[in-house]
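S.K.: Attaching a predicted model along with its sequence, questions to come.
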Amino acid sequence: MPSRRRTLASMAALGLGLPALAAAPSPRPELPRPAEFDFSRPLTATRARLPFAGGQSGGYGYDGLCPGPLIRVRSGAEFRIRVANALREETTFHWHGLVAPTAADGQPQAPVLPGTEQEICFPIRQRAALSWYHPHPHGATARQAWNGLGGLFVINDAEEDALDLPAGDDELFLVLRDAQIGGPGRLLYPFDPDGTEGRVPLVNGVINPRTELPARQVRLRILNAANARVFRLSAGAPLTVIGNDGGLLPAPVPVNEVQIGPAERLDLILDLRGAPPGGSIGLRDADFEEPLVDIAIRAGAPDRWEIPARLSRIEPLVHDGTGPDRVFRFEGDSSINGQGFDPRRIDFAIPFGKVERWRFYSAQGAPHPIHVHGAHFQVIAREGGRGRVEPWETGWKDTVLKWAPEQVDVLIRFDAYEGRYLLHCHKLEHEDGGMMLNFVTGRDPQAALERARIEALYG
Ligand code: C2O
Ligand code: CU
């Protein structure tokens, strides 16, 4: 693949007037730390003046912010929140990575109308993990997310607490995405049906920020909130993966570079103990010349904590069968198995509590970050492409990045709620284009399917 950087550089050399891809603002702005959500007020989707777009209006934000406030809940607690739509269009509030009952899942079939408010309530029956929330309205998800809607959702639990992971100032939440800025501070949406990418990277809503960290081990909790961009991250100091979408991995895995597709999350330990105070290192992406974040090192209190060799216990799903139970072909930019999305069509029913083997396949075309609602899965095989399951794809996942040509097999079990859920590509322009389908899960799958079909048709 020719590097995007080089292509743009040569276009600029041809006098096409493109702004430099990677000219970092100087001085670099401070990296903002997302504020925690205050549950006494509704979470409001609203129009916003976004700093990265020069403070011009035209952006969107949760509570006026991009990223939105960080929601924090403990495992076992009840999640109760009011959500409000102050936009002039429909939206939904989807809790990505949370296993929620259908009615609370923020699916396109249940929009929150402009000027209205809803209360959402469900128990958190899953372990510690970094999840997130974003809009999911039928056909308008990509534009709303691009305009600035998205925020972090953190679950904590006792298993994680016991590890004594870096916390407080030593735990950094990083929401990565990209944007396109035109003229003086205008947010552009250069729509591409095959996935829109922008020329500037944003970290927590800021272009090329800087921050200062102690020469200790720090925990980086990363979300890729981009519509379509895949980030390939590296840092000038040792990096270890300790978790991903569904929480902690069984054991830490040191890496040189780590890849994160749209909607995926990473939990990393960055070891700055060997970095000389007074110097700086960069958190880098392979496509951008300038570091995404410039990290200045300062002296820190001595750090004798070591990453535990065992991080968590993960029950390996076991499938009793040889072949896949279902095969999903992702082709072009708008269909799965030859069909586009129809909110009223329910494609199949999954027996509640049964482990199924699903195969995601495409012969050609772009990478697809494939996401399932209602359950987490385990990636067990990749064939025909990269040929291996990457270390950061082990454990529990809710989104898997599938390249082409390639087939990826996952094991999945729905055992939390019976109901209707979605399978879709999380490249948001593909999702809006129709690369999405509905299914149901139920103890009596046939009955669940018939009920859901009638409901879908007649409300
Ligand atoms: Cu993050 Cu169906 O979405
Ligand atoms: Cu796709």
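M.R.: Here it is on my side, so go on. Ligands and ions are numbered 1, 2, ... in the order given.

S.K.: Quick one: residues contacting A140.
M.R.: Contact partners of A140, counting by Cβ atoms under 8 Å, 6 or more residues apart in numbering, are 89-91, 432. Where you see a C-beta, it was placed from the backbone N, CA and C, and this is true even at glycine.

S.K.: cool, and P67?
M.R.: Per Cβ under 8 Å, 6+ apart, neighbours of P67: 34, 150-152, 175, 204-205, 225.

S.K.: helix or strand for the residue lying closest to P276 once chain neighbours are set aside, which one?
M.R.: Nearest non-adjacent residue to P276, counting by Cβ to Cβ, 6 or more residues apart in numbering: I297, 6.7 Å away. Per DSSP states H and E, I297 falls inside strand 293-298.

S.K.: Now do the buried residues in that strand.
M.R.: Of the residues in strand 293-298, 293-295, 297 count as buried by neighbour count, 16 or more other Cβ atoms under 10 Å.

S.K.: doesn't K354 make contact with H319?
M.R.: No: applying Cβ atoms under 8 Å as the test, H319 and K354 come out as separate, 9.4 Å apart.

S.K.: more neighbours, these two?
M.R.: In this view H319 and K354 are compared by other Cβ atoms under 10 Å, and H319 has more residues nearby, 18 against 15.

S.K.: Return the residues in contact with the more buried one.
M.R.: Contacts of H319 (Cβ under 8 Å, 6+ apart): 355-357, 411.

S.K.: Ligand 2 contacts on the stretch 301-450 of the chain?
M.R.: Residues of the stretch 301-450 of the chain found near ligand 2 (Cβ under 5 Å from the ion) are 368, 425, 427, 430.

S.K.: what's the pLDDT at the residue nearest to the second one when sequence neighbours are not counted?
M.R.: Right, C425. Excluding its sequence neighbours, the residue lying closest to C425 (Cβ to Cβ, 6+ apart) is M435, at 4.0 Å. pLDDT, M435: 97.

S.K.: Now do the contacts for the residue of the stretch 151-300 of the chain found nearest ligand 2.
M.R.: Closest contact between the stretch 151-300 of the chain and ligand 2, by Cβ to the ion, is at G195 (7.1 Å). Contacts for G195 (Cβ under 8 Å, 6+ apart) come out as 227-229, 333, 366, 427-430.

S.K.: Name the member of those residues with the most neighbours.
M.R.: The most crowded member of those, judged by other Cβ under 10 Å, is K427 (33 neighbours).

S.K.: ok so, going back, report pLDDT for the residue nearest to P276.
M.R.: The predicted local confidence for I297 is 97.

S.K.: Test of understanding: give the bridge partners of it.
M.R.: L213 (DSSP bridges).

S.K.: Is the residue in the chain that ligand 1 sits nearest to bridged to anything, and to what?
M.R.: Closest contact between the chain and ligand 1, by Cβ to the nearest ligand atom, is at H96 (3.5 Å). Counting by DSSP bridges, H96 is bridged to W132.

S.K.: that older thread, ok, and of the contacts of P67, which contact ligand 1?
M.R.: Taking Cβ under 6 Å from any ligand atom as the test, ligand 1 is in contact with none of the contacts of P67.

S.K.: Quick check: closest non-adjacent residue to the residue of the stretch 151-300 of the chain closest to ligand 2.
M.R.: Nearest residue to G195 in three dimensions, chain neighbours excluded: A228, at 2.9 Å (Cβ to Cβ, 6+ apart).

S.K.: Contacts only, for that neighbour.
M.R.: 192, 194-197, 262, 427-429 are the contacts of A228 under Cβ under 8 Å, 6+ apart.

S.K.: Switch those residues over to TSV; also include secondary structure.
M.R.: As requested, the contacts of A228 are exported to TSV (DSSP: H, G, I helix; E, B strand; the rest coil):
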residue	secondary structure
D192	coil
D194	coil
G195	coil
T196	coil
E197	coil
P262	coil
K427	coil
L428	helix
E429	helix
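
S.K.: still on that earlier bit, pull out the buried members of the contacts of P67.
M.R.: By 16+ other Cβ under 10 Å, the contacts of P67 give 34, 150-152, 175, 204-205, 225 as buried.
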